[in-house]
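A.B. asks: everything below, folded, please.
(chains A and B)
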Amino acid sequence: MNTNTALKLQAYLDDELSPRQCRSVERILDRSEEARDFLAEMGSLQDTLRSHEPSPALPEDLDFYLAGIRRRLEAEIPATRVSTATVGPASWLIRYFAPIGAAAAVIAMILIAGYERTDATRSAQTTVEAPNVITFQSEDEDFTILWIDSEFE
Amino acid sequence: MSNLTDYPESEENDLVQAAKEGDFAAFEELVTRHRDKVYARAFSMMRNEDEALDLSQDAWIKGWRRLEQFHGKSSFATWMTRITINLCLDQIRKKKRQRAESIEQMDEESGGVERRMPSVNPNPTEGLERDDLRLIIDKALGQLSEAHRTVLVLHEFEELEYKEIAKRLDCSIGTVMSRLFYARRKMASLLGNLQKKTD
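C.D. replies: Numbers count the residues shown, from 1 in each chain, chains lettered A, B, ... in the order given. Reported below is the predicted structural model:
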């Protein structure tokens, strides 16, 4: 059997031929026992494979597997927690507004920290350790001035 | 949000709908039901447990993200296995590029189809128990080249047409036919040999 015939027979088995090509293959089958054997063998193999598809079971505990999926989803959308709660319809809101919200929170924290720091510097400036002593401590410049009022009574 | 409460008892369509509405617990129930099938398809393509696990999880993540695109034209399981197949094919391509291995180097090109193949038993699996046969087929699949196995899995298990396989593998229909032919012949021969070993 030549290449062309073998591939035609296979295509016939796989229902890939036009009606005209089918008739042509059927004529070959009528006159060739080798072709009929070949087709029967291919058909038998196909049936065997399709009805005995290997189905190895998941080699991992289901909870662990599900946790892996959840973890990966959460890693992609850090601001979101994948849970039984709604994720779908509101997800685009979360997806786009969560980063903005997080950025706003960080900016707010920086501003508050800055304010507190300025306040701390001020209080350092006015710290009085003795009635005639005034100290000024600059954390930014890393120095301290100690001013003693000798005329203080 | 869905009204589902008893997920294990719910109909698949209801679970899919609930998952589309954002109910992740419904989606997890779908994972629970079809995890083996999705994993098995990834394993049949990759023949590596770790890769199959990773890719099957990737497939579920992709499935979750693309649920809106599932319109029920096929079963949910079929839709998921198609996603899995696509991910596996991407991974195979990536590995091929890394190995700088040309698809043209596959052994079917080294000899014509007309060359006499080893004679095989017309029904090499006759008399075997169902589970034994599954194991033997699995083992034989593992002995095929990646190119042959891919075409065989796509055709026999995914039941894709030549045209569809050629599109997914980015090759000609003639190449698909040739690989499928050799894959079948090798499979028949391997099954015969494996059966002899088990006798």
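
A.B. asks: tell me the mean pLDDT over the helix or strand harbouring B:K186?
C.D. replies: When elements are assigned from DSSP states H and E, B:K186 belongs to helix B:173-198. In this model, helix B:173-198 carries a mean pLDDT of 88.

A.B. asks: return the list of helices and strands in contact with that helix.
C.D. replies: helix A:3-13, helix A:33-51, helix B:130-143, helix B:146-152, helix B:162-169 (3 or more C-beta pairs under 8 Å, 6 or more residues apart in numbering or on different chains; DSSP states H and E). C-beta here means a position set from N, CA and C on the backbone, and glycine is covered the same way.

A.B. asks: highest average neighbour count across those?
C.D. replies: helix B:146-152 (a mean of 23; mean count of other C-beta atoms under 10 Å in any protein chain shown).

A.B. asks: name the helices or strands packed onto that helix?
C.D. replies: helix B:24-46, helix B:76-99, helix B:162-169, helix B:173-198.

A.B. asks: hmm, 6 Å instead?
C.D. replies: Under the contact criterion of 3 or more C-beta pairs under 6 Å, 6 or more residues apart in numbering or on different chains; DSSP states H and E, helix B:146-152 touches helix B:173-198.

A.B. asks: any idea of the angle the helix it packs on forms with helix B:130-143?
C.D. replies: Here helix B:173-198 points in a direction 130 degrees away from that of helix B:130-143 (axes from the mean of the first three to the mean of the last three C-alpha atoms, to 10 degrees).

A.B. asks: tell me the angle of helix B:173-198 relative to helix A:3-13?
C.D. replies: Between the direction of helix B:173-198 and that of helix A:3-13, the angle (the same axes, to 10 degrees) works out to 80 degrees.

A.B. asks: buried residues, helix B:173-198. List them.
C.D. replies: Taking 16 or more other C-beta atoms under 10 Å in any protein chain shown as the neighbour-count basis, helix B:173-198 is seen to contain the buried residues B:175-195.

A.B. asks: how far away is B:R35 from chain A?
C.D. replies: Counting by C-beta to the nearest C-beta, to the nearest Å, the gap between B:R35 and chain A amounts to 5 Å.

A.B. asks: with adjacent residues omitted, what lies nearest to that residue?
C.D. replies: In space, not counting the residues next to it along the chain, B:R35 is nearest to A:L58; the distance is 5.0 Å by C-beta to C-beta, 6 or more residues apart in numbering or on different chains.

A.B. asks: so the one you found is in contact with B:V38, correct?
C.D. replies: No: here A:L58 does not reach B:V38: they are 8.5 Å apart, not a contact under C-beta atoms under 6 Å.

A.B. asks: neighbour-wise, which of those two wins?
C.D. replies: Comparing A:L58 with B:V38 by neighbour count (other C-beta atoms under 10 Å in any protein chain shown), the higher total belongs to B:V38, at 23 against 20.

A.B. asks: list the contacts for the more buried one?
C.D. replies: B:V38 makes contact with B:S56, B:A59, B:M80, B:T84 under the criterion C-beta atoms under 6 Å, 6 or more residues apart in numbering or on different chains.

A.B. asks: not counting sequence-adjacent ones, nearest residue to it?
C.D. replies: Take B:V38 and drop its neighbours on the chain: the residue closest to it by C-beta to C-beta, 6+ apart is B:S56, 4.8 Å away.

A.B. asks: which other helices and strands does the helix or strand harbouring the one you found contact?
C.D. replies: B:S56 is part of helix B:49-65, with elements assigned from DSSP H and E. Identification of packing neighbours for helix B:49-65 by 3+ C-beta pairs under 6 Å, 6+ apart yields helix A:62-76, helix B:24-46, helix B:76-99.

A.B. asks: name the SS class of B:H71, please.
C.D. replies: Assigned state for B:H71: coil (three-state reduction, DSSP: H, G, I helix; E, B strand; the rest coil).

A.B. asks: what about it, neighbour count?
C.D. replies: Counted with other C-beta under 10 Å, residues neighbouring B:H71 total 7.

A.B. asks: for chain A, what's its nearest residue on chain B.
C.D. replies: Of all residues in chain B, the one sitting closest to chain A is B:G22 (2.6 Å; C-beta to the nearest C-beta).

A.B. asks: check what pLDDT that residue gets.
C.D. replies: We have a pLDDT of 92 for B:G22.
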